[in-house]
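A.B. asks: okay, predicted coordinates and the sequence, questions at the end:
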Amino acid sequence: MELLKIGGSVANELQSIVQELKGLDRDILIVPGGWIFADLVRDVDEKYGLDESVSHWMAIACMDVYGYYISNFGVEVLFAEDLESLSNVGGVRVILPHCLLKHSKEFAELPASWDVTSDSISVWIASKLGLDRVIKITDVGGVLINGNLVESLTASELLKLNIETCIDKFTPKLLKEYKVDMFVCNAKEVKDYILKGKAKGTLVKGE
């Protein structure tokens, strides 16, 4: 099984992404980002000063909204109240995570913070399913340091750099803790990475 995080930055490419994923004949779970819906929550939070827990769950609810949008391109949505129900899913499905996470006491491991986005949530889900990698599809095509694409680095190295990247600030901590890798690439590279284990992008090792 592959776990893919699909962010809002590739929303205009969803039709081709979904078609390609379906053609791979693999079991694939998609974790949706929050896209423009989470941006709206950020704006509301900045304007009205919401409680951290409230804004956190509002943003997670936005992942469900984007998940429904992804389903518009031919992906079946997956309702799940527990992690076990994700283990035996066939085909290409998009997770609606709000209900799943609300019912999971273990999700309290992650702080209610804007540092924890769908990136962190995808790594957390992967670890609970016993998966050793997450593929993050984004428009920038990888982790950029000083404007240059880095092919590979460890989560520990990324933490030491303490810089803004296309990965949220909490994800490197989880990659290191759970020993999960994250491969960051654009939509054109996903097929090669899944089938060949190699493509243009950035591998962040869970070390």
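C.D. replies: Arrived safely, thanks for sending. Numbering: from 1, shown residues only.

A.B. asks: switch to C-alpha atoms for all contacts and neighbour counts from now on
C.D. replies: OK.

A.B. asks: now do the phi/psi pair for the nearest residue to Ser118 once chain neighbours are set aside.
C.D. replies: Distance criterion Cα to Cα, 6 or more residues apart in numbering; nearest residue to Ser118, sequence neighbours excluded, is Gly33 at 5.3 Å. Dihedral pair for Gly33: phi -80, psi -170, per degrees, to the nearest 10.

A.B. asks: Gly33 is in contact with Lys5, isn't it?
C.D. replies: Yes - in this structure, Gly33 sits in contact with Lys5. The criterion is Cα atoms under 8 Å, and the distance is 7.0 Å.

A.B. asks: between those two, which contacts overlap?
C.D. replies: With contacts defined as Cα atoms under 8 Å, 6 or more residues apart in numbering, the residues adjacent to both Gly33 and Lys5 are Ser118, Asp119.

A.B. asks: longest helix of the protein, counting residues only.
C.D. replies: Here the longest helix in the chain is taken by residue count, with DSSP state H as the criterion, and it is helix 52-71.

A.B. asks: tell me the average confidence for that helix?
C.D. replies: The average of the pLDDT scores along helix 52-71 is 97.

A.B. asks: again, but for stretch 136-152
C.D. replies: In this model, stretch 136-152 has an average pLDDT of 95.

A.B. asks: just to revisit the earlier point, what's the neighbour count on the residue nearest to Ser118?
C.D. replies: When neighbours are counted by other Cα atoms under 10 Å, Gly33 registers 27.
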